[in-house]
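Participant: Quick one, what's the 3D model for this:
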Amino acid sequence: MKKILLLSILFANQIFAQKNYIDQPFIETNTKIDSLVIPDKIYLSINLNEADSKNKKSVEEQEKLLESTLKKLNIDTEKDLALLDFSSNFKQYFLKNQNVLKSKMYSVLVTNAITAGKVLLELEKVGISNVNIEKTEYSKAEELLLSLKSKAVLKSKLTAEKLS
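Facilitator: Predicted coordinates for the structure are as follows:
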């Protein structure tokens, strides 16, 4: 019985024995690859506020000006204009009996910097000056990342070949 147990333990050690990769020589490299891209999605944040115009223009009038200005610049307001936030100080009306001030925040998507500049200029002309760049994106970012990784692997392989 002891002989069978001893043979099975030795046989199991032979089967589950693994090759030790620590003893093999290797080279470790580190590379960096970068690229310059022009963003093709620019999001502009537009804040319409009655307090900015000293209660002379309502938010609804400013919305109409915004929409007509964007349509004049050939921006599809159905697809590229989105409402981000809206608020009012209606609570303070009951407490202090002041005017109710409303505000709305929109996001506009433009595809290049020239159009973004035109939007800023035209909105400034109609009295809407609270415009900021919310964020920029590159639509082919995943493809770019994949190609940069493959270039980094090739550069790393070349470095390892030169070192060995």
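
Participant: what's the longest helix in the protein?
Facilitator: Longest helix in the chain, counting residues (DSSP state H): helix 141-163.

Participant: roughly how far is it from the heart of the chain?
Facilitator: 24 Å (Cα atoms, centre = their mean, to the nearest Å).

Participant: Quick one: mean pLDDT over it.
Facilitator: Mean pLDDT, helix 141-163: 90.

Participant: same thing with stretch 61-72?
Facilitator: Taken as a whole, stretch 61-72 carries a mean pLDDT of 91.

Participant: what's in contact with it?
Facilitator: Stretch 61-72 is contacted by residues 46, 48, 53, 77, 80-81, 104, 106, 108, 119, 122-123, 126-128 when judged by Cβ atoms under 8 Å, 6 or more residues apart in numbering. All C-beta atoms are positioned from the backbone trio N, CA, C, and that covers glycine.

Participant: buried sites along it?
Facilitator: 62-63, 65-66, 69-70 (16 or more other Cβ atoms under 10 Å).

Participant: Equivalent analysis for stretch 147-164, please.
Facilitator: 152, 156.
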